[in-house]
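A.B. asks: please find the sequence and the predicted model below.
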Amino acid sequence: MPGSGGKDSFYAAHLLKYKYGMHPLTVTWAPHIYTQWGWENMQAWIHAGFDNYLCTPNGQTHRLLTRLATENLFHPFQPFILGQKQLAPKMAAKFGIPLVFYGENEAEFGNPIADNNSALRDEHFFAVNDYDHIYLGGVSLRQLEEDYKVDKADLAIYLPGDTSNLEKNHVQVRYLGYYEKWHPQGAYYYSVEHGGFRPAPERTQGTYSKYNSIDDKIDDFFYYTTYIKYGIGRTSYDAAQEIRNEEITLAEGKALCKKFDGEYPDRFEKEIMEYLSIDKLHFPHAYQCFEQPKMDREYFIHLADRFRSPHLWKFENGQWKLRYTPYEGDSEVLWGSPDGTHHEE
Amino acid sequence: MATTNKKIRLVARLDVKDDHLVKGIQLEGLRKLGDPNGFAKEYYEQGIDELLYVDIVASLYNRNNLSGIVRKTVEDVYIPVCVGGGLRSTEDVRHILSMGADKVAVNTAAIKRPALITEIANAFGSQCMVLSIQAKKSRTQPGKWEAYYDNGRAHSGYDVVEWAKRGVALGAGEILLMSVDCEGLQRGMDLDLIRAVTGAVNVPVICGGGVGCAEDIVDAANAGADAVATAAVLHYKKAAVPELKAAIRSGGVEVR
């Protein structure tokens, strides 16, 4: 059972163990940089009664791949997601565990809805035989090895399990959300009651909530990139889900989007910019492959501008604005401009 | 058993969003529980001393719309009613008082413009001006608390004890002190917080956040609380007002 120790994985693991009498082994793919409260929740999860393997990828390789994914795809989460998706099936194959349970289907978070028709995860997600056509962060494995001088061994952790290995062990990957009603707010109450889950001590920049994906300091930037690329920021995702669950009204959701969607995240900015910077000392070869190895706000915004689609964005009176929004009038966070971030008086 | 010679008040806190009574944990994951008027009437009939209505997300949405609910409640509830949530000016306060509220609780607007406390106190009297404080333990300064606003989401940077003292100096006649850390958990109150604030100000302090049973209320009273606000225990029907009051008395604390 893969999970982070957030409210959803807490709920899922606890149900499997205590309602269905299974013996889940939990595996966690570490965040880039844990928030303090994320680490505390992860510990609380394990102490609520689970064995856990925490897999933390090589920090140097992970930084480089995350930087490349930001640079080439404006998707700082891509290497994380690859590792996360592949970890559980690989661990299952290693230990001869025939059943892997994920929590909710990604369709709930914006993937194609057709995904919901099956409880089985498409094995193309996690098993490929052809290593020659794999790209990480928009760069082929060959190039990563030859130009960036990344050791092949350091990339193995991102690569899918062998199909034959999975078949041999009869590993099946399923979603708990197919069998149990999935209600994030319900999972919150469950995880507080049955364990020590606690929300973050502050609002996550870019949205109004403080209990959804709160364990990784890079999360804020991931959602910022979706706002730039798709015009949908974290408030849109959170509000849409809560409107569907009738926890907030459409009018409230619109007001929240106007107030927070796309807010430029500056609370962990310094740390994340350092994380995404490729320094000469640690990356003597990769360093030479970047036009600007150092990541800073100016360069990040320059990258953002490269990923704005003209059918979504227009440049008006010296400012980028979305052409379509769910609300009337101007964004209160200035459409993601760093000048628009809400700060204390 | 420690005893106090004061009589504490038992306050029912009703957080309201649109037309729904709501309740969260640490002010997150707000659940809809039903019609607030029904709950208010029931608590009144059971003998609660005071009602506290808070439009909990008013500031988050820049609105205030409790007047309808308040007007309906005071038709058949004859105990003090305190109303908070999204009040930003003396005009807002005048309006909600004209609907039947006896006093108002102000948090966000007071943090953004502390002079509002004095304006309200001058216009309607200090007894009417309740400074509402959402207190959360500081992660950086042990033994300190920070005041939050926007439904426990935004940092003010204010030290809770200092802010309470300043609020009283500016004209607040009462403090409504809520522990964000304990809120909704029903596992006891932040007694250090209650001691720190009640020891620092000379006005009544209504303490809230964490009540799970009558013993928690007794502990709060012994720590200095003048009134205790409770929500989850009543809303989820874990206890009714008469049995709570009886248990508080047998715990050695006088209650109205």
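C.D. replies: Happy to help now that I have it.

A.B. asks: per-residue pLDDT, the closest residue to residue A:2 other than its chain neighbours?
C.D. replies: Nearest residue to residue A:2 in three dimensions, chain neighbours excluded: residue A:88, at 3.9 Å (Cβ to Cβ, 6 or more residues apart in numbering or on different chains). Every residue, glycine included, has its C-beta placed from N, CA and C. Here, the pLDDT recorded for residue A:88 equals 89.

A.B. asks: again, but for the one 3 residues further on
C.D. replies: According to the model's per-residue confidence, residue A:91 sits at a pLDDT of 90.

A.B. asks: over to residue A:238?
C.D. replies: pLDDT at residue A:238 comes out at 94.

A.B. asks: and for the one 10 residues further on?
C.D. replies: Residue A:248 is assigned 93 on the pLDDT scale.

A.B. asks: helix or strand for the residue nearest to residue A:2, which one?
C.D. replies: For residue A:88, the element it lies in under DSSP states H and E is helix A:78-95.

A.B. asks: give the buried residues for that helix.
C.D. replies: Under the neighbour-count criterion of 16 or more other Cβ atoms under 10 Å in any protein chain shown, helix A:78-95 has A:78-80, A:82-93 buried.

A.B. asks: list the contacts for the residue of the stretch 1-150 of chain A found nearest chain B?
C.D. replies: Of all residues in the stretch 1-150 of chain A, the one sitting closest to chain B is residue A:36 (6.8 Å; Cβ to the nearest Cβ). Going by Cβ atoms under 8 Å, 6 or more residues apart in numbering or on different chains, residue A:36 touches residue B:139.

A.B. asks: identify the residue spatially nearest to residue B:234, adjacent ones excluded.
C.D. replies: In space, residue B:234 is closest to residue B:12, 5.7 Å off (Cβ to Cβ, 6+ apart).

A.B. asks: if I read this right, that neighbour contacts residue B:51, doesn't it?
C.D. replies: Yes. The pair residue B:12 and residue B:51 qualifies as a contact (Cβ atoms under 8 Å) at a distance of 5.6 Å.

A.B. asks: overlap in contacts, these two.
C.D. replies: Residues touching both residue B:12 and residue B:51 (Cβ under 8 Å, 6+ apart) are B:40, B:43.

A.B. asks: between those two, tell me which one has more neighbours.
C.D. replies: In this view residue B:12 and residue B:51 are compared by other Cβ atoms under 10 Å in any protein chain shown, and residue B:51 has more residues nearby, 27 against 24.

A.B. asks: from chain A, how far off is that one?
C.D. replies: 25 Å (Cβ to the nearest Cβ, to the nearest Å).

A.B. asks: hang on, that residue in a helix?
C.D. replies: No. Using DSSP: H, G, I helix; E, B strand; the rest coil, the assignment for residue B:51 is strand, not a helix.

A.B. asks: that one pairs with what?
C.D. replies: Going by DSSP bridges, residue B:51 is paired in beta bridges with residue B:12, residue B:81.

A.B. asks: okay, it: pLDDT?
C.D. replies: 96.
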